[in-house]
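Engineer: Provided below are the primary sequence and the corresponding predicted coordinates.
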Amino acid sequence: MTYAFLAIRREGPVEYLTLNRPDVRNAFNDQVIAELTAWAAATREAAAHRDVRVVVLSGAGKTFCAGADVTWMSKTVEFTEEENLRDAVAMSQMFNALDALPVPLIGRVQGAALGGGAGLAAVCDIVVADESALFGFTEVKLGILPAAISPFALAKIGRSAARELFLTGSRFPAARAREIGLVHAVVPAAELDSTVERYVRELLTAGPEAIAAAKALIPQVWGRSLLEAMPITAAAIAGRRVSTEGQEGLRAFLQKRSPSWAKDTAGNKGHKG
Ligand code: COA
């Protein structure tokens, strides 16, 4: 599939996905939403075949993402209620498709991640931000609200920070974004790519099925009582222990060698790495 607003580069098992609408600071309209949703479906398929093991999400130009396209949203006044609802569901489905990717999604944030842009950061597993980047759930400043992104943002930043930041719509620096769990590493601009690459290399040393299982486990366990979680966690580890990948990883450690999935990845040093 060809995309008008996404740029894609594959390097080995790493997919570099770039939002590519820099003239409007990578704001997303209905077409970008459709493209990201289609890309996520294709990547799920590629991940099943191990063609993709890690994705890095970036924004072209000087801004990661300015959120929903305000021009597009202002035109929705001409839509019927049914069309508006369909549009809103499509946006939720896009965030959900990105959130549930079976491979790690690393966000590389420079400039700003505002509104739905902060929502994109929230659906990333790991976010590396330029120390000068600004974040914000700015929707209320426009008289709207952070609705589609709220399940993902709340899961990352919790209710207390959401009550302040959703209601004020204020912009906040990367350091604050890290404090509230939206960002994991804050670095000078010159170290953005090298920090992302460190995470990529680290992820490539772990079992791809184990990563997918660990990622799926988090939403399954989150919010459940210990008693409810126990059968889920027991089934999860029991399955991994006897899996081909789990057996290979355990044997590789005991035999003091790299597991099969890590052999082709630069920087891996097996169990001592
Ligand atoms: N939707 C549509 N167009 C947008 C946009 C958005 N969310 N954000 C920026 N743009 C457009 C601007 O209208 C401008 O268009 P123009 O060149 O035709 O005037 C262009 O992108 C560049 O924007 P500008 O503000 O000049 O760029 P900047 O680099 O100085 O600042 C931002 C970048 C992201 C900080 C700033 O554009 C901004 O605050 N955008 C709004 C973000 C927001 O509140 N998003 C929530 C949406 S729900």
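Structural biologist: It's in. This is a predicted model, so every value here is computed, not measured.
Engineer: count of neighbours near whatever residue of the stretch 101-250 of the chain ends up closest to the ligand?
Structural biologist: Going by C-beta to the nearest ligand atom, the ligand is nearest to G115 of the stretch 101-250 of the chain, at 2.7 Å. (Glycine included, C-beta is placed from N, CA and C.) Neighbourhood size, G115 [other C-beta atoms under 10 Å]: 26.
Engineer: S243 touches E209, doesn't it?
Structural biologist: Yes: with contact defined as C-beta atoms under 8 Å, S243 counts as touching E209 (6.5 Å).
Engineer: which of the two has more neighbours?
Structural biologist: Neighbour comparison, S243 and E209: the larger count goes to E209, with 18 against 15 (by other C-beta under 10 Å).
Engineer: for the helix or strand hosting G158, what is the average pLDDT?
Structural biologist: Assessed by DSSP states H and E, G158 sits inside helix 150-168. In this model, helix 150-168 has an average pLDDT of 98.
Engineer: after that helix, which helix or strand is next?
Structural biologist: Past helix 150-168, the next helix or strand by DSSP H and E is strand 171-173.
Engineer: any weak-confidence spans in this structure?
Structural biologist: 263-273 (pLDDT under 70).
Engineer: all helices of it, in order?
Structural biologist: 30-48, 70-75, 81-99, 116-122, 150-168, 174-179, 192-204, 208-221, 226-242, 244-254 (DSSP state H).
Engineer: quick one on the thing from earlier: next up, the contacts around the residue of the stretch 101-250 of the chain closest to the ligand.
Structural biologist: G115 makes contacts with 66-68, 136-139, 142, 146, 149, as judged by C-beta atoms under 8 Å, 6 or more residues apart in numbering.
Engineer: what sits closest to the residue most central in space within the chain if chain neighbours are left out?
Structural biologist: Central residue of the chain (C-alpha atoms, centre = their mean): C124, 1.8 Å from the mean position. Using C-beta to C-beta, 6 or more residues apart in numbering and skipping residues adjacent in sequence, the residue nearest C124 is G107, 3.5 Å away.
Engineer: who's the one you found bridged to?
Structural biologist: L57, V127 (DSSP bridges).
Engineer: count the residues that sit near it.
Structural biologist: 27.
Engineer: now do K256
Structural biologist: Residues near K256, counting by other C-beta under 10 Å: 9.
Engineer: tell me the phi and psi of it?
Structural biologist: phi 50, psi 50 (degrees, to the nearest 10).
Engineer: picking up where we left off before, the residue nearest to C124: what's it in contact with?
Structural biologist: Contacts of G107 by C-beta under 8 Å, 6+ apart are 57-58, 64, 113, 120-121, 124, 126-129.
Engineer: buried set for stretch 3-17?
Structural biologist: 3, 5-6, 8, 13-17 (16 or more other C-beta atoms under 10 Å).
Engineer: quote the end-to-end distance of that stretch.
Structural biologist: From its first residue to its last, stretch 3-17 covers 11 Å (C-alpha to C-alpha, to the nearest Å).
Engineer: picking that back up, can you name the two of the buried residues of stretch 3-17 that sit furthest apart?
Structural biologist: Using C-beta to C-beta, the buried residues of stretch 3-17 span at most 24.3 Å, a distance reached by F5 and P13.
Engineer: once you drop chain neighbours, what's closest to R171?
Structural biologist: G136 (3.9 Å).
Engineer: brain fart, Y16
Structural biologist: Nearest one to Y16, counting by C-beta to C-beta, 6+ apart, is R9 at 4.3 Å.
Engineer: for G61, same thing?
Structural biologist: P22 (3.1 Å).
Engineer: my guess is that neighbour meets A66, correct?
Structural biologist: No: between P22 and A66 there is no contact under C-beta under 8 Å: 10.2 Å.
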